[in-house]
Each structure stands twice: as structure tokens, then as C-alpha cells.
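Enquirer: Pasted the sequence and its predicted model underneath.
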Amino acid sequence: MTSFLIRLFVRHPEQTELAETRTTYGKLAGITGLVCNLLLCAAKVVAGILSGSLSMMADAINNLSDSGSAAVTYFGFRLAGKAADAEHPYGHARIEYLTALAISLLILLVGVELAKTSIGRILHPVSTSFSVLSVLILAGSILLKLWMAHFQRTLGRRIDSAALQATADDSRNDVLATGAVLFASVLEVLTGWRADGYFGLLVALFILRNGYEIGKETVNTLLGTAPDPKLVKRIAEEILSHDKVLGIHDLMVHDYGPGRRFASVHAELDSKEPVLACHDLIDEIERTFLQKHDIHLVIHYDPVVTDDAELTRMRGLVAEAVHGIDSRLQIHDFRMVRGPTHTNLIFDLVVPFDLMDRKAELKRRIDERVQFEDSRYYTVITFDEAFATPPPRE
């Protein structure tokens with residue numbers, strides 16, 4: 001069914017890098033979720049009224065909230081697919097993150113209300129009626145929600161969507177929640193224990209936990225999380241695949257929403273290479289990233305001296321020293337300023353965030369190693385934060 005719906009409604013299903021294709025996937029997920037959840041809500045309301053089951057009504061309201069989430073998903077993807085304009089030159093793709101946040105808030109609101117009602121039923125228990133219709137509705141709901149979770153997760157993975165992954169997680173949790181309602185109904189028939197309120201509260205706790213997890217992940221994304229290490233590695237490997245590029249550093253990746261990534265990096269090239277040839281190579285790499293990966297990449301050209309034996313030796317010694325302290329440390333922009341009494345080794349040191357409070361210690365240990373080689377050498381270090389640390393060239 002999933003493949004059939006994709007073929008039926010998505011014009012270019014494999015071209016997920018296209019904004020139009022991404023929007024179509026999101027709208028398909030939203031409409032499908034809206035229709036399925038409204039049907040489930042209506043069926044459970046009928047069954048809840050007939051049986052008097054609060055946990056059944058709670059599950060119905062949960063499906064109603066899922067319908068609202070599906071509507072938010074649909075309109076969120078429509079807005080996120082809008083082209084960039086003068087007021088939003090980086091596009092509107094971050095609306096997808098706001099969509100996921102709105103979904104989490106709706107889920108939390110519903111969870112709180114259901115928890116209050118369920119606690120009331122625990123304090124004042126009421127007997128429920130068992131019916132074959134209720135069992136059939138709950139069993140059908142579990143099967144449909146299993147398919148919805150698979151459907152939403154498949155679409156979410158195809159377009160790398162936080163909003164669709166959130167709705168998939170919600171559908172998965174609904175399977176557990178509905179299973180709990182079914183178990184409560186069977187348990188009361190077998191034992192006489194009025195467990196409806198307890199299982200209604202359990203459903204509410206599932207809803208609250210899911211809403212919290214979705215909201216937490218979305219807020220982290222909006223605040224700005226570290227780029228995916230796989231993406232960093234792919235960017236580094238592709239740039240370093242060009243023979244003239246000796247190394248890269250200061251890689252930064254900015255996320256303006258799915259499909260709207262911007263990146264900047266410094267690329268080191270031999271200072272003896274013609275400047276215009278280096279410029280042409282950098283332009284070619286930037287164009288390739290935009291066409292192939294839809295990443296707006298800006299490369300800063302760093303010329304590197306390669307024919308100075310003393311500089312090359314000391315750069316290698318310093319690199320070995322910092323790696324001996326911590327393998328995550330990296331150096332770049334290494335140069336020497338020679339004087340009559342001493343020589344300054346000037347370089348930038350890329351430091352992970354957890355080591356930034358140990359700058360003095362790092363400098364002391366590097367100085368000890370350098371001056372053990374020759375007391376005339378002094379270091380002048382600029383400490384850089386490791387926003388994204390690409391692997392070194394092999």
C-alpha cells in the first residue's frame with residue numbers, strides 16, 4: 001500500500017532533493033494521517049459510548065489530536081515548500097521544524113487533559129461494558145496504526161524529515177496505548193477489576209512522554225545542533241578528493257531547514273600554484289556541491305608554503321605533539337616568523353568544546369614539546385572552537 005500511494009501521488013518519488021517532491025511527500029503523509037485518524041476517532045467514540053469505557057474515549061481523543069497533528073503536518077509542508085523571497089532569503093524550510101514543535105505541544109496538551117480525567121476515574125471507578133464490537137474496533141485500530149507508523153517512517157526516511165519521524169513515533173506509541181485499552185477491557189471481564197482509569201492514565205503517560213521527546217528534539221534542532229558526522233565526513237572526503245587540495249579546516253554547516261544547508265570551509269592549496277587556477281578549482285567544487293548535494297558551499301582559499309624544510313618539520317612536530325595530547329586536536333594556518341633571537345610558530349588550534357577551559361594547560365604542554373626540540377621556538381596559538389571537525393587527509 002505504501003509503494004502504491006507513493007507511485008500514485010508523488011510525481012518524481014526518487015528525486016527527494018527537489019523541494020517540490022519533498023512537499024508532495026509531506027502533504028501525502030498529512031492527508032493520509034488526517035483521514036485515518038478521523039476514521040479511528042469516530043469508531044472509538046461509538047465504541048466508547050456503547051461500553052462506557054473512559055480509556056476507550058481517551059484513545060479516541062488521542063486519535064483526534066493526531067488528526068490535528070496531521071493537519072499541521074500538511075499545512076506545514078505547504079508553507080515550508082515556499083520559495084525564498086526578499087524577507088526570507090534562506091527560504092521557509094524551517095517551518096517544518098516549527099510544525100514538529102506544534103505537534104509536540106498538541107500532544108502534551110491532550111496528555112495533560114487525559115491524565116486529569118483518568119485520575120478522576122481512578123478515584124471514582126465506574127464499570128464498563130464489554131462488547132465484541134469494541135474488541136474488533138481496537139484490534140483494527142492497532143493494525144491500522146502499525147501500517148501508519150510504517151508509512152510515515154518510510155516517507156520520513158526518504159526525505160529526512162523530523163516532522164514525519166515524529167508522527168511515525170506517535171503512531172507507534174498509539175499501538176501500545178490502544179493495546180493497553182484492549183487489555184483493560186479483557187482484564188475487567190476476566191477479573192472484575194475496574195482498571196479503566198489506570199489504563200487511561202497509562203495512555204496519557206504515553207502521550208506525554210512522546211510529546212516531550214518530540215519537543216525536546218525539535219527545540220535542539222532550532223537552537224542549532226552539531227552537523228551530522230556522516231555529512232561532515234562526506235564534505236571533507238569530496239573536497240580532499242581533488243589532488244591540489246592539501247587539507248581543509250574551519251568547516252561550518254548551517255541548517256536552515258531540510259534541503260536548505262549552507263556550509264563554509266577553508267581549503268589549503270600549495271602557494272606555488274597559480275592563483276587563478278586555484279580560484280577555478282574552488283569555483284568548480286562549490287558548483288558541484290550545489291548541484292550534487294544541494295549544499296551552498298563557500299570555500300576560502302588558504303595558500304600553504306610547502307618548500308620550506310624547517311617550517312614543514314616544525315609543523316609536523318607540533319601536529320604530532322597536539323595529537324599526543326588528544327587525537328581530536330588539529331592545527332592549521334601554520335607559519336613561522338624568524339627573528340635574530342627566537343622564532344615564533346604561529347598557528348590555530350582547533351579544540352573540542354569540552355577542552356576549551358584547558359587552554360593554558362594545552363599551550364603549556366605544546367610549549368614543553370616544542371622547546372624540548374629547540375629553546376628558540378615560541379608558540380603563538382589562536383584557539384578555535386570545533387564546530388565540525390573533518391577527518392584529516394590520509
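Expert: The structure has been received and is ready for your questions.
Enquirer: any idea of the pLDDT on the residue of the chain most remote from its centre?
Expert: Distance from the centre of the chain peaks at P340, with 53.8 Å (Cα atoms, centre = their mean). Note on P340: pLDDT of 89.
Enquirer: Please apply the same query to K363.
Expert: At K363, pLDDT is 94.
Enquirer: again, but for F130
Expert: You'll see F130 listed with a pLDDT of 62.
Enquirer: would you list every one of the helices in the stretch 151-300 of the chain?
Expert: Per DSSP state H, counting those that start in this stretch, the stretch 151-300 of the chain carries helices over the ranges 162-191, 196-223, 229-240, 275-293.
Enquirer: Next, the residue farthest from the centre of the chain: secondary structure please.
Expert: coil (DSSP: H, G, I helix; E, B strand; the rest coil).
Enquirer: and the helices of the stretch 151-300 of the chain as a markdown table, adding distance to A388 and mean neighbour count?
Expert: Bear in mind the C-beta positions are built from the backbone N, C-alpha and C, glycine included. Shown next, in a markdown table, are those (distance: least, Cβ to Cβ, whole Å; neighbours: other Cβ atoms under 10 Å):
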| stretch | distance to A388 | mean neighbour count |
| --- | --- | --- |
| helix 162-191 | 20 | 21 |
| helix 196-223 | 16 | 20 |
| helix 229-240 | 5 | 16 |
| helix 275-293 | 15 | 14 |
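Enquirer: Out of these, the one nearest D308 is which?
Expert: helix 275-293 (19.1 Å; Cβ to Cβ).
Enquirer: what residue ranges in the protein score low on pLDDT?
Expert: For the chain, the stretches with pLDDT under 70 are 17, 54-55, 126-130, 258-259, 389-394.
Enquirer: want to throw the helices of the stretch 151-300 of the chain into TSV with distance to K359?
Expert: Output for the helices of the stretch 151-300 of the chain, formatted as TSV (distance: least, Cβ to Cβ, whole Å):
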stretch	distance to K359
helix 162-191	36
helix 196-223	25
helix 229-240	24
helix 275-293	32
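Enquirer: how about the ones you listed, which one is nearest A386?
Expert: For the helices of the stretch 151-300 of the chain, the distance to A386 is smallest for helix 229-240, at 10.6 Å, taking Cβ to Cβ.
Enquirer: Quick check: the gap between the nearest residue to S65 once chain neighbours are set aside and F353.
Expert: Distances taken as Cβ to Cβ, 6 or more residues apart in numbering place V110 nearest to S65, at 4.1 Å, with adjacent residues excluded. V110 sits 37 Å away from F353, taking Cβ to Cβ, to the nearest Å as the criterion.
Enquirer: Between these two, point out the one with more neighbours.
Expert: Neighbours per residue (other Cβ atoms under 10 Å) separate V110 from F353, with V110 holding more: 22 against 10.
Enquirer: Convert stretch 305-322 to CSV, retaining C-alpha atoms only.
Expert: Extracted as CSV, the C-alpha positions of stretch 305-322 are listed here (Å, rounded to 0.1, in the frame of the first residue of the first chain):
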residue,chain,number,x,y,z
VAL,A,305,54.1,27.0,1.9
THR,A,306,55.5,23.6,1.0
ASP,A,307,59.1,24.2,0.0
ASP,A,308,60.4,25.4,3.4
ALA,A,309,62.1,22.4,5.1
GLU,A,310,62.3,23.9,8.6
LEU,A,311,58.6,25.0,8.5
THR,A,312,57.5,21.6,7.3
ARG,A,313,59.5,19.8,10.0
MET,A,314,58.1,22.0,12.8
ARG,A,315,54.6,21.8,11.5
GLY,A,316,54.8,18.0,11.7
LEU,A,317,56.3,18.1,15.2
VAL,A,318,53.6,20.4,16.5
ALA,A,319,50.9,18.3,14.9
GLU,A,320,52.4,15.2,16.5
ALA,A,321,52.5,17.0,19.9
VAL,A,322,48.8,18.0,19.8
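Enquirer: Buried residues in it, which are they?
Expert: Neighbour counts using 16 or more other Cβ atoms under 10 Å place L311, M314, R315, L317, V318, A319, A321, V322 of stretch 305-322 among the buried residues.
Enquirer: and which of those is nearest to L146?
Expert: V322 (52.0 Å).
Enquirer: just checking, the closest one touches I331?
Expert: Yes - checked against Cβ atoms under 8 Å, the pair V322 and I331 is within contact range at 5.9 Å.
Enquirer: List the contacts of E238.
Expert: E238 makes contact with I285, T288, F289, according to Cβ atoms under 8 Å, 6 or more residues apart in numbering.
Enquirer: Including distance to W193, could the residues you listed go into CSV?
Expert: Converted to CSV, the contacts of E238 look like this (distance: Cβ to Cβ, whole Å):
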residue, distance to W193
I285, 68
T288, 66
F289, 63
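Enquirer: The stretch 1-150 of the chain: helices as residue ranges?
Expert: 2-9, 19-51, 54-80, 95-123, 132-159.
Enquirer: so of the ones you listed, which one's packed in deepest?
Expert: Burial of these is given as mean neighbour count (mean count of other Cβ atoms under 10 Å); helix 54-80 ranks first at a mean of 23.
Enquirer: Tell me what angle that one forms with helix 196-223.
Expert: Interaxial angle, helix 54-80 versus helix 196-223 (axes from the mean of the first three to the mean of the last three Cα atoms, to 10 degrees): 20 degrees.
Enquirer: Check which helices and strands helix 54-80 is in contact with.
Expert: Using 3 or more Cβ pairs under 8 Å, 6 or more residues apart in numbering; DSSP states H and E, the elements in contact with helix 54-80 are helix 19-51, helix 95-123, helix 132-159, helix 162-191, helix 196-223.
Enquirer: Isn't V337 up against M314?
Expert: No - in terms of Cβ under 8 Å, V337 does not count as a neighbour of M314; the distance is 12.0 Å.
Enquirer: returning to that earlier point: shared neighbours, V322 and I331?
Expert: Residues touching both V322 and I331 (Cβ under 8 Å, 6+ apart) are L349.
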